[in-house]
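Give me a 3D structure for the following:
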Amino acid sequence: MQPIRLGIMGFGRVGRQLYQLAIQDKRFEVVAISDIGSAGILHNLLNKMDHDLDVKLEKNYLVSERGRTRLMSVDKPTETPWDVFDVDVVIEATGRFSSLADLTPHLDNGAPRVVLSALPKEEIDRVILYGVNEADAHYEDQIISAGSASTTATALILKIITEAFPIEQATMTSVHAYTSDQSLQDYAGPDYRRSRSGAENIIPNVTPALHWVQQVCPKVQGKLSAYALNVPVQVGSMLDLTIAFSEPDITIDSLNQLFISAEKDRPALFKTTADPIVSSDVKGIPQSLLIDLLGTMKAGNRMMKMLAWHETLGHSKRILDVVGVYADMGNDRKKEAS
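Residues are numbered from 1 along each chain as shown. Here you go, the predicted structure:
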């Protein structure tokens, strides 16, 4: 079986993680990367992320034992010649392009399919949160979002809970590491709060996760509220979830046991810990969700709180899982045709 030929646009933290994971996975071949950074600096940042990664730079190519990847200094989807590299899928990982108008040029330039590493600004062909609704994928989908780390984590935790217990309401606060689009110093941006220094402040923020989680988890439709706090840490984010259950007899142990069982059933997605961890301890976890068993508590008869951690590496793995879902559908079609 031929590997999936990947193009990656954007070689920031997620883009580098995607490359790092893909060259260690025989399902994939990264043939081209588009980023405005110089080849030398991009290669240096890659090596700083993982000192054990054996990747060399030869002119404008990253070279590993899996092959050669062309580095292109291109700034916009309209300028990226994916047809030259015969890509099967482009992963849009810049964090800048998330509308149909931004993403369609990838298709025009030769990419059969585009997978967005973030949430879209508008309705697209499909939003697939791996582990939640990958069964909804259609082979004809061309522009797909793999969600975000916090969106997938929220959907996963609510899916497990609502399959076991009915809920009345839930509220989620995403306590999120600061992001690359935040400024280190105060500046005059379009939003009052996000104009403040991301390195010095806890910044209240809205989250688009609310809309998309309710879309893929119909059992929480109209029952969920969500908010975000961007905090001055570089890596490691947390979900603070409060649930009002319909039934009064749910215990801390029974709620935790749901996720201990989920970890056994789907260890690639779920992990639990009873250690007293902090945000820096979750750096490098490949799962989408790390349940903090010590953080589960109960107030009154029906109100409970849970804490769960996540990091971008888990999200990068889920992006590749979404790519794999569509590739598997294509392989199944080929088998049926033969």
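
For residue 167, give its distance to residue 272.
Going from residue 167 to residue 272 by C-beta to C-beta, to the nearest Å gives 21 Å. From N, CA and C alone the C-beta is placed, and that goes for glycine too.

whoops, residue 148 was the one
Applying C-beta to C-beta, the value for residue 148 to residue 272 is 22 Å.

just residue 74 next, same as before
Distance, residue 74 to residue 272, by C-beta to C-beta: 42 Å.

Comparing the two, which residue is more hemmed in?
Set side by side, residue 74 and residue 272 show unequal neighbour counts under other C-beta atoms under 10 Å, the larger going to residue 272 at 21 against 16.

If the more buried one is in a bridge, with which residues?
For residue 272, the residues forming beta bridges with it (DSSP bridges) are residue 291.

Quick check, it in contact with residue 260.
Yes. In terms of C-beta atoms under 8 Å, residue 272 counts as a neighbour of residue 260; the distance is 5.5 Å.

Common neighbours of those two, please.
Residues touching both residue 272 and residue 260 (C-beta atoms under 8 Å, 6 or more residues apart in numbering): residue 293.

Kindly provide the whole-number mean pLDDT of the helix or strand harbouring residue 105.
Assigned by DSSP states H and E, residue 105 belongs to helix 100-108. When pLDDT is averaged over helix 100-108, the result is 95.

got the CA positions of it in CSV?
This file holds the C-alpha atoms of helix 100-108, laid out as CSV (Å, rounded to 0.1, in the frame of the first residue of the first chain):
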residue,chain,number,x,y,z
LEU,A,100,-13.7,28.6,2.8
ALA,A,101,-12.2,31.5,0.8
ASP,A,102,-8.8,30.8,2.4
LEU,A,103,-8.9,27.0,2.1
THR,A,104,-10.4,26.5,-1.4
PRO,A,105,-7.2,27.7,-3.1
HIS,A,106,-5.4,24.6,-1.8
LEU,A,107,-7.9,22.5,-3.9
ASP,A,108,-7.4,24.8,-6.8
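
how distant is it from the center of its chain?
Taking the mean C-alpha point of helix 100-108 and that of its whole chain, the gap between them comes to 20 Å (C-alpha atoms, centre = their mean, to the nearest Å).

before we move on, what about stretch 99-119?
Averaging C-alpha positions (C-alpha atoms, centre = their mean) puts stretch 99-119 17 Å from its chain's average.

now do the same end-to-end measure for that stretch.
Using C-alpha to C-alpha, to the nearest Å, the span of stretch 99-119 from its first residue to its last is 10 Å.

Assumed residue 322 was part of a helix.
Yes. Using DSSP: H, G, I helix; E, B strand; the rest coil, the secondary structure at residue 322 is a helix.

Need the per-residue pLDDT for the spatially closest residue to residue 247 that is not a sequence neighbour.
Nearest residue to residue 247 in three dimensions, chain neighbours excluded: residue 165, at 6.4 Å (C-beta to C-beta, 6 or more residues apart in numbering). What the model reports for residue 165 is a pLDDT of 95.

can I assume residue 165 is in contact with residue 246?
Yes. Residue 165 lies in contact with residue 246 (C-beta under 8 Å); the separation is 7.4 Å.

For these two, work out which one has more neighbours and name it.
Neighbours per residue, other C-beta under 10 Å: of residue 165 and residue 246, the larger number sits with residue 165, 17 against 11.

what's near enough to touch that one?
By C-beta under 8 Å, 6+ apart, residue 165 lies in contact with 245, 246, 247, 250.

Give me the buried subset of the residues you listed.
For these, burial is judged from neighbour counts taken by 16 or more other C-beta atoms under 10 Å, and it is met by 245, 250.

ok, the residue nearest to the spatial centre of the chain - contacts?
Computing the C-alpha centroid of the chain and ranking residues by C-alpha atoms, centre = their mean puts residue 315 first, at 3.2 Å. Contacts for residue 315 (C-beta under 8 Å, 6+ apart) come out as 14, 117, 146, 147, 148, 149, 152, 288.
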